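Q: sequence? don't have it. structure:
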């Protein structure tokens, strides 16, 4: 999301390309091969500078998975931002992303946000056409509930391979929805119960955006609970010979849903700090996982 510079212009220069190259090199050195984009990031500049790097790096395209998203229209003039996953919009946005990324096909396309006016049969038609034309190999969604995914599934013969949600040690509603049943707290949770279960039953991978929680547990705590959890994170990292960032990611990866964190940083040092999480084998015990959860909650479990 941060590649390409600020969001107040569509222009970028050599410096932004070099920063993208440094981030990409750090990611590859750390074992990351899956790269997540969206057509709106940096008003298109994130895809564009990434595409510049790919075009200048012989053989890189074959080594990586490129995923992007469409479905959000940014504010413009007097018009507010809105969601748009109509057939023609999807087709147009995908072709624009391919041009910016300088590639012939996308490995994965996600629908960025649910559009209340969307016709699922029309969406399915657009995705099927993109697949038949060889422009997109696989499809998924972002920020959708299990019921919304099921509604789309009913009109689509192609499988959906991913659902990207905000998930972290700080953003825990996806987790707590399942344990707050029959408690007073359940009414304020808001996360659609059954979404994780639907994804697991249908082979839909869960991708976590914002998994590092903007550094709340790795140097930028905002509350007393954050500070307590951060101290525990640091202690576990020291004991296990890794970084605090890795421990925070391990907490997500320890969940049996097989959550894949999407590292949002463009900082090479921060990217490299996550390298021990690439193996997907979190070294947290059952008790350590719960200790982190309770510390971050700032209150005992119900």
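A: Yep, it's here. The structure presented is a predicted model; accordingly, all values stated were derived computationally and were not measured.
Q: List the contacts of the residue nearest the centre of the chain.
A: By C-alpha atoms, centre = their mean, the chain has its centre lying nearest to residue 209, at 3.4 Å. When contacts are counted by C-beta atoms under 8 Å, 6 or more residues apart in numbering, residue 209 touches 36, 142, 164-167, 262, 264. From N, CA and C alone the C-beta is placed, and that goes for glycine too.
Q: Among the residues you listed, name the buried ones.
A: 36, 142, 164-167, 262 (16 or more other C-beta atoms under 10 Å).
Q: quick revisit: ok now do the residue lying closest to the residue nearest to the centre of the chain once chain neighbours are set aside, which residues does it touch?
A: The shortest distance from residue 209 to any non-neighbouring residue, by C-beta to C-beta, 6 or more residues apart in numbering, is to residue 262 (4.9 Å). Residue 262 makes contact with 36, 164, 207-209, 211 under the criterion C-beta under 8 Å, 6+ apart.
Q: mind running it again at 6 Å?
A: Contact analysis of residue 262 by C-beta atoms under 6 Å, 6 or more residues apart in numbering lists 36, 207, 209.
Q: So which of those is the closest to residue 88?
A: The nearest member of the contacts of residue 262 to residue 88, counting by C-beta to C-beta, is residue 36 at 24.5 Å.
Q: State the distance from the closest one to residue 28.
A: Distance of residue 36 to residue 28, given as C-beta to C-beta, to the nearest Å: 15 Å.
Q: Then residue 138?
A: 22 Å.
Q: Give the residue spans of the stretch 1-150 of the chain that score low on pLDDT.
A: Across the stretch 1-150 of the chain, nothing is flagged by pLDDT under 70.
Q: Do a quick rundown of the strands in it.
A: 34-36, 65-70, 72-73, 82-83, 106-111, 136-142 (DSSP state E, counting those that start in this stretch).
Q: any chance of these in TSV, plus distance to residue 290?
A: Formatted as TSV, those follow (distance: least, C-beta to C-beta, whole Å):
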stretch	distance to residue 290
strand 34-36	29
strand 65-70	32
strand 72-73	36
strand 82-83	37
strand 106-111	32
strand 136-142	29
